[in-house]
Structures are given as C-alpha cells and as structure tokens.
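Novice: Sequence and predicted structure below; questions after.
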Amino acid sequence: MAGYVALIGLLAGWLLCHVSERMPYKTGANTLSASALAPAVGKWAMRLLCGRPIWRGRMWLMLHLGVVFGSAAVFSYVWERFGVSWEAAQLTGIYMFLILIALIDLKYRRVPNILIYPALGIALLFKGLAAPESMMWIGIGGGMAFFIFYLTAWLRPGDLGGGDIKLATLIGIGFGFPQVLWALLVGASAGGVMAVFLLLTGRGGMKSHIPYAPFLCLGTLVALVYNPFLYMELS
C-alpha cells in the first residue's frame with residue numbers, strides 16, 4: 001500500500017507543476033528568467049513535467065523534480081502517520097495548496113486571488129463549524145497577520161504585495177493566535193536568510209525583491225509539523 005501512496009504523491013507533484021504552468025500569467029519584468037539563470041534542457045523533459053516547454057532552465061527542472069519526489073515523500077509520511085483519515089486528507093490538501101502557491105509566486109511573482117479568496121472562505125467556514133469557541137483567537141490571528149504584513153508593505157513598498165498580505169491573513173485564520181506566530185516567525189526567518197545569502201553572493205542588492213509567498217508557505221508547513229505555541233495556555 002505504501003508504494004501506491006508514493007505513486008499518488010508522485011502524480012500529485014506532477015499535477016502541481018503542470019497546473020502552475022497553466023496559470024493565466026505571462027512572464028514580465030518581475031518574473032525570474034530561467035533561461036538567464038541556467039542552460040537550456042531538453043523540451044521532452046519540460047513537456048513531461050509541465051505539459052509545455054516554457055521554463056527551460058535547469059533550475060526549474062530541478063525545482064519540479066524536487067516537488068514531484070518531495071510530494072511522494074510527504075504523502076508517504078502522512079499515510080504512515082495517519083493512515084486513511086480526515087487528518088491525512090486535510091494535511092495533503094493543505095500541502096498541495098501551499099506548494100502550488102509557492103510555485104506560482106516563484107515563477108510569476110503573483111499570489112492569485114482565484115486561489116486565495118476561496119481558501120479564505122473555506123477556512124472561515126471550517127473553523128466556524130469545527131471550533132466555534134475559538135473564533136475570537138482565530139480572528140485575532142488573522143487580524144494580526146494582516147496588520148503586520150499590511151504595515152510592512154506600506155513602510156517598504158515593493159517588498160510585499162497584496163497577495164502576500166492575503167496569504168498571511170489566511171495563515172493567521174488557519175492557525176489562530178498564538179499558533180500563527182511560529183509560522184510567521186519561521187517564514188520571516190527563512191526569507192531573511194535568503195535575502196542575506198543573495199546579498200553576500202552578489203546575486204541581489206539592498207533593493208532587490210524576492211518572492212515572499214514561498215517562505216510563508218514554508219513557515220506554514222513547518223508549523224503544521226512542529227509548533228511550540230500549540231499547547232500555550234490562553235486565559
């Protein structure tokens with residue numbers, strides 16, 4: 001059975017790569033240029049992973065391969081831990097959503113509303129039905145995340161976009177307060193480490209802008225696996 005689950009994970013990873021290539025955005029000034037970053041790879045490989053040879057850099061091939069095999073590992077881990085259960089379905093669904101958001105933002109510098117708005121509605125509905133007694137803390141988590149990212153975007157125009165603010169709000173609603181603090185802390189730390197790395201290696205400058213959604217998604221995934229705020233008592 002574990003082999004079938006891993007195969008499902010492989011197919012899910014391929015689907016995420018394929019869908020991210022089919023989003024209705026065109027490359028622009030803010031989009032990373034794969035052809036400028038690495039030599040071209042064969043068209044057959046890109047067609048196999050993405051459905052069409054848009055991203056022809058080796059960097060994107062390795063990214064897609066990482067998503068495909070990483071998804072197989074995640075699906076296997078979730079199956080081993082939870083088996084066939086609602087928790088397993090929920091975790092794999094959240095994982096696929098976050099990876100798709102990260103892929104799209106890496107490629108197009110966009111966090112599409114067509115994904116974020118339905119997710120916000122579903123999160124609010126689910127939390128309202130599953131834990132109505134926690135709605136105050138859920139509202140505080142979402143409001144705090146919105147305020148922090150909105151203020152940052154206002155103070156440093158260009159660093160964060162509206163999609164990043166809405167994604168942070170979604171994460172705040174998903175975790176509630178104070179659990180969201182760990183997700184935002186991990187995401188902000190990872191983004192800071194990447195910014196310093198780009199600066200030290202000469203691949204970016206003080207005014208360079210990096211896609212931030214992938215780091216928020218990373219922080220969320222880490223917080224789903226380990227969150228030191230999970231059992232904090234609130235009075």
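Specialist: It's in. Treat the numbers as computed from the prediction; the structure is a model and nothing was measured.
Novice: Buried residues of the top helix by length along the chain, list them for me.
Specialist: As assigned by DSSP state H, the longest helix anywhere in the chain is helix 58-82. For helix 58-82, the neighbour count (16 or more other C-beta atoms under 10 Å) marks 59-61, 63-64, 67-68, 71-72, 74-76, 78-79 as buried. Every C-beta, even on glycine, is put in place using the N, C-alpha and C of the backbone.
Novice: what's it packed up against?
Specialist: In terms of contacts (3 or more C-beta pairs under 8 Å, 6 or more residues apart in numbering; DSSP states H and E), helix 58-82 is packed against helix 2-21, helix 34-37, helix 43-50, helix 86-108.
Novice: right, and the helix or strand after the longest one?
Specialist: Spelled out, that is helix 86-108. Downstream of helix 86-108, the first helix or strand assigned by DSSP states H and E is helix 113-130.
Novice: how far does that following helix sit from the chain's center?
Specialist: Chain-centre distance of helix 113-130: 16 Å, with C-alpha atoms, centre = their mean, to the nearest Å.
Novice: quick one: that helix to helix 86-108, angle?
Specialist: Angle, helix 113-130 to helix 86-108, by axes from the mean of the first three to the mean of the last three C-alpha atoms, to 10 degrees: 160 degrees.
Novice: After helix 113-130, heading C-terminal, what element do we hit next?
Specialist: Toward the C-terminus, helix 113-130 is succeeded by helix 135-155 as the next helix or strand (DSSP H and E).
Novice: If you count neighbours, what's buried in that next one?
Specialist: The neighbour-count criterion (16+ other C-beta under 10 Å) identifies 137-142, 144-146, 148-150, 152-153 as the buried residues of helix 135-155.
Novice: what comes into contact with that helix?
Specialist: 127-128, 131, 159-162, 164-165, 168-173, 175-180, 184, 234 (C-beta atoms under 8 Å, 6 or more residues apart in numbering).
Novice: And stretch 71-80, by the same measure?
Specialist: 1-2, 5-10, 12-13, 16, 88, 91-92, 95-96, 99.
Novice: Show me what the helix or strand containing residue 168 is packed up against.
Specialist: Counting by DSSP H and E, the element that carries residue 168 is helix 162-175. Judged by 3+ C-beta pairs under 8 Å, 6+ apart, helix 162-175 is in contact with helix 86-108, helix 113-130, helix 135-155, helix 179-200, helix 213-225.
Novice: From residue 119, how far off is residue 173?
Specialist: Distance of residue 173 to residue 119, computed by C-beta to C-beta, to the nearest Å: 9 Å.
Novice: Skipping its backbone neighbours, what lies nearest residue 98 in space?
Specialist: residue 217 (4.0 Å; C-beta to C-beta, 6 or more residues apart in numbering).
Novice: now that neighbour: how far from residue 184?
Specialist: Taking C-beta to C-beta, one finds residue 217 at 12 Å from residue 184.
Novice: separation between the nearest residue to residue 115 once chain neighbours are set aside and residue 197?
Specialist: Among residues not flanking residue 115 along the chain, residue 101 sits closest, at 6.5 Å (C-beta to C-beta, 6+ apart). In this view, residue 101 and residue 197 are 22 Å apart by C-beta to C-beta.
Novice: For residue 228, which three-state class applies?
Specialist: Recorded secondary structure, residue 228: coil (DSSP: H, G, I helix; E, B strand; the rest coil).
Novice: Could you check how many residues crowd around residue 170?
Specialist: Residues near residue 170, counting by other C-beta atoms under 10 Å, number 26.
Novice: picking up where we left off before, and the buried residues of helix 58-82, which is closest to residue 201?
Specialist: Of all those, the one with the least separation from residue 201 (C-beta to C-beta) is residue 59, at 14.8 Å.
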